[in-house]
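1. starting from these lines, generate the structure:
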Amino acid sequence: MHQDRFFIPNTPINSDIWIEGKEAHHILHVKRAKRGNKITLFDGTGTEYKAVVIETQRSRLKVFIESNQVVNREPGVEITIAFSIPKGKYSDILIQKCSELGINTLIPLHCERNVVTINEKFTEKRERWNKIAIESSKQCKRNVLTKITDGVAVKDLLNTLCNYDLSLIACLRSYTKSLKVVLRERPSAKKLICLIGPEGGFTDYETELAVEKGSIPIALGSSTLRIETAAIAISSMLLYEYCL
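-> Residues are numbered from 1 along each chain as shown. Got it, this is the predicted structure:
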């Protein structure tokens, strides 16, 4: 039988634990859980816990953990999407959908043509994104949270490409390669990264430097896609090729 899923930020040490804050409010006042109700908890590191509510208060509840197990619902490849932040609500959509798809890491990029500047308010934005990632994992039954990093300059990120089996950069240059051909040539890749630029695209310097560092320029069809659309599309294509 289906059980509601809730996130706990720490791995439980004891069998009896208190749940507080937003998740407690959701359990008590949205789901209206009572003593004896069974729920599922996950800690974001891969472990799932079967629990039963044993005590309720106005703003918190105690549960007894009956069992736990590592449940792996992650894709067979580790995908990182590095993206220039889109405007307004579109960044939230990007985080939500990439988290649902099972993307391992999301890296906000400092690009020369950024429309959205990564400034002192970025911490608040990142906190909101982390909440979105948690809600996405609850909804799609992932037991691991998508990692959202600090903002990174393109040049600094390019110096880390050696850590990946395959690096892609989405652009509309005439020398782009077919994504299908690139992926078919690298069937054993397990750790991948794709760079997605701002609305105006990466500059020639950024693209050339990425290629010099080993990134392969690819196009996602003939249309110019929005940032969040490109992120969702490339994520889906990579997962289809390597996991389905």
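2. can we go C-alpha only for contacts and neighbour counts from here?
-> OK.
3. next structured bit after the lengthiest helix in the chain?
-> In terms of residue count, the longest helix belonging to the chain (DSSP state H) is helix 122-140. Per DSSP states H and E, the first helix or strand lying C-terminal to helix 122-140 is strand 147-148.
4. neighbouring strands - and their directions - for whichever helix or strand comes after that next one?
-> From strand 147-148 onward toward the C-terminus, using DSSP H and E, the following helix or strand is strand 152-153. Strand 152-153 has the following strand partners under DSSP bridges: strand 105-110 (parallel).
5. and the partner strand, how far out from the chain's middle?
-> In terms of Cα atoms, centre = their mean, to the nearest Å, the centre of strand 105-110 is found 10 Å from the chain centre.
6. and stretch 141-161, by the same measure?
-> The answer for stretch 141-161 is 9 Å, by Cα atoms, centre = their mean.
7. tell me the spacing between Asn119 and Leu94.
-> 19 Å (Cα to Cα, to the nearest Å).
8. so which of those two has more stuff around it?
-> Neighbour tally, Asn119 and Leu94, criterion other Cα atoms under 10 Å: the higher count belongs to Leu94, 22 against 8.
9. now the more buried one, nearest residue through space, not along the chain?
-> In space, not counting the residues next to it along the chain, Leu94 is nearest to Glu228; the distance is 4.9 Å by Cα to Cα, 6 or more residues apart in numbering.
10. ok, that neighbour - how many residues close by?
-> 22.
11. isn't it up against Gln96?
-> No. Contact between Glu228 and Gln96 fails when scored by Cα atoms under 8 Å: they sit 10.2 Å apart.
12. point out where this structure drops to low pLDDT.
-> 1-2 (pLDDT under 70).
13. quick one, helices of it?
-> Using DSSP H, helices in the chain cover 21-25, 90-101, 122-140, 154-158, 179-185, 204-212, 227-243.
14. would you turn these into CSV with distance to Val63?
-> Output for those, formatted as CSV (distance: least, Cα to Cα, whole Å):
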stretch, distance to Val63
helix 21-25, 11
helix 90-101, 27
helix 122-140, 18
helix 154-158, 43
helix 179-185, 47
helix 204-212, 50
helix 227-243, 36
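15. which of the ones you listed sits most buried?
-> Compared across these, helix 90-101 shows the largest average neighbour count, a mean of 21 (mean count of other Cα atoms under 10 Å).
16. before we move on, the earlier item: distance of the residue nearest to Leu94 relative to Ser215?
-> Glu228 sits at a distance of 20 Å from Ser215 (criterion: Cα to Cα).
17. could you chop this structure up by domain?
-> 5-70, 78-243 (automatic domain parsing).
18. residues contacting Arg35?
-> The contact partners of Arg35, by Cα atoms under 8 Å, 6 or more residues apart in numbering, come to 52-56.
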